[in-house]
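Enquirer: need coordinates for the following:
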Amino acid sequence: MRVSRVLVCLFIALFAVNAFADAARTWVSGTGDDVNPCTFTAPCRTFAGAYVKTMVGGQISVKDVGTFGPLTIGKSITIEGGGEFASLQFSSGSAITIDFTSNDGAGNVVVLRGLKIFSTSGSGYGVFVKGTVPTHVHVIDTTFTRTSTAVSMFPGAAGSSLSVENVEASSLELAGFLIGPPAGTPLKLTMNNVRVSQSAPYSPWAGVRVYANTTGTISSSSFRNGFHGIAVDSANVRLNVVRTTLSDNFGSGLQHNTAGITTVLDGCSIFNNATGISNAGGTVIGFTNNAVLNNQQDIAGNPVQSLTAK
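Expert: Down below sits the predicted model:
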């Protein structure tokens, strides 16, 4: 009898632990409550409420329309907006802060998909990345409106990466994307179908501003109606810009701010800027399938090194 009671108690204890264990997938809803277990039938109300109940490497999904932010992330996770965009409205700080201070065993990977991020004050970061270990961020099918920046990527460790796909950012207080990794293994940057319009119309801001130690490719994108389209600050930055439009900027379509920078242009259109390409001592390599026309000054500084069209 005594053994039976012990077994029953153990069973109850294990059931209680499992009942409150982190789930691989949790849910949020505009009508949910953070006291819920964040299941599909009993969703939470905020991303923060679901985050603490989601396992490392797990996923938070949006069940229906609502406003679910802000959120601080320090473990691998996927935030999935689903068929309906999930809104994160905020007035200061950041809508999403990514801050890894240790390796979590799942790669330190954050995927943000299908979100609508909006600042009610016209300031604050959409996504702000810091931390002390390599961090890998994917932003997909997401819009940013009235934020200071869409994504500010300043990881505290080398070897991080940023992938951006099908993203639109508009009416920005400062810039679209700010990227400033530390020395060491370069940050890997991939941007495809990214559209930034109406970033700050004064120096030094840009649709994309890369401060240091980055290699990558920007393709099928547009950066317009800001000060610079793309600006590069450091000689240890290597970018390939493919089938991308840099237009109607108050400064340069492409701005090199120091010697030693190398940028390759392939099939790009650079129109209606104050300066099409400003190349202060760096290297711009361009195939003959690029068009640099109708700028107040098409090219300033070193000429573009032309290559035969493919």
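
Enquirer: what about the helices in the chain?
Expert: For the chain, the helices defined by DSSP state H occupy 2-19, 47-51.

Enquirer: return the member of those having the minimum mean pLDDT.
Expert: Ranked by mean pLDDT, these end with helix 2-19 in last place, scoring a mean of 43.

Enquirer: and the gap between the nearest residue to Lys53 once chain neighbours are set aside and Ile117?
Expert: Closest residue to Lys53 in three dimensions, ignoring its sequence neighbours and counting by Cβ to Cβ, 6 or more residues apart in numbering: Cys38, at 4.8 Å. Placement of C-beta: from N, CA and C, glycine included. To Ile117, Cys38 is 21 Å away according to Cβ to Cβ, to the nearest Å.

Enquirer: of the two, who's got more company?
Expert: Neighbours per residue, other Cβ atoms under 10 Å: of Cys38 and Ile117, the larger number sits with Ile117, 30 against 27.

Enquirer: what sits up against stretch 40-56?
Expert: Contacts to stretch 40-56, defined as Cβ atoms under 8 Å, 6 or more residues apart in numbering, come from residues 21-34, 36-38, 60, 63, 66, 68-73, 75-77, 79, 88, 104-106.

Enquirer: give me that answer again for 6 Å
Expert: Residues outside stretch 40-56 that contact it (Cβ atoms under 6 Å, 6 or more residues apart in numbering): 22, 24, 26-29, 32-34, 36, 38, 60, 63, 68-69, 71, 75-76, 104, 106.

Enquirer: same deal with stretch 153-161?
Expert: The list of residues contacting stretch 153-161 from outside it, by Cβ under 6 Å, 6+ apart, reads 129-136, 162, 179-182, 184-185, 187-188.

Enquirer: same question, stretch 22-36
Expert: Under the criterion Cβ under 6 Å, 6+ apart, residues 38, 40, 42-46, 49-50, 53-55, 58-66, 68 lie in contact with stretch 22-36.

Enquirer: now do the buried residues in that stretch.
Expert: Taking 16 or more other Cβ atoms under 10 Å as the neighbour-count basis, stretch 22-36 is seen to contain the buried residues Ala23, Arg25, Thr26, Trp27, Val28, Ser29, Gly30, Gly32, Asn36.

Enquirer: leaving out the residues flanking it, which one is nearest to the fourth one?
Expert: Spelled out, it's Trp27. Closest residue in space to Trp27, ignoring its immediate chain neighbours: Pro43 at 4.0 Å, by Cβ to Cβ, 6+ apart.

Enquirer: check the gap between that neighbour and Asp22 for me.
Expert: Distance check for Pro43 against Asp22: by Cβ to Cβ, it reads 16 Å.

Enquirer: what does Thr135 give?
Expert: When distance is defined by Cβ to Cβ, Thr135 is 21 Å away from Asp22.

Enquirer: quick one: low-confidence ranges for the stretch 101-250 of the chain?
Expert: Per-residue confidence of the stretch 101-250 of the chain (counting by pLDDT under 70) places no residue in a weak region.

Enquirer: one more time with 90
Expert: Flagging of the stretch 101-250 of the chain using pLDDT under 90 yields the residue ranges 120-123.

Enquirer: can you get me a residue count around the residue nearest to Gly105 when sequence neighbours are not counted?
Expert: Here the nearest residue to Gly105 in space, its sequence neighbours aside, is Val56; by Cβ to Cβ, 6+ apart that works out to 6.7 Å. Burial of Val56 is recorded as 15 neighbouring residues (other Cβ under 10 Å).

Enquirer: please shift the residue numbers so they start at 295 in all later answers.
Expert: That works, and once the first residue is 295, the last one we named lands at Val350.

Enquirer: show me the strands in the stretch 395-544 of the chain, by range?
Expert: Counting by DSSP state E, counting those that start in this stretch, the segments of the stretch 395-544 of the chain that form strands are 403-407, 409-413, 419-423, 430-439, 443-447, 455-464, 469-473, 481-491, 500-504, 508-513, 516-518, 522-526, 531-536, 539-541.

Enquirer: now those strands in CSV, with distance to Gly554?
Expert: Output for the strands of the stretch 395-544 of the chain, formatted as CSV (distance: least, Cβ to Cβ, whole Å):
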stretch, distance to Gly554
strand 403-407, 32
strand 409-413, 35
strand 419-423, 26
strand 430-439, 27
strand 443-447, 22
strand 455-464, 22
strand 469-473, 17
strand 481-491, 18
strand 500-504, 13
strand 508-513, 14
strand 516-518, 23
strand 522-526, 10
strand 531-536, 9
strand 539-541, 21
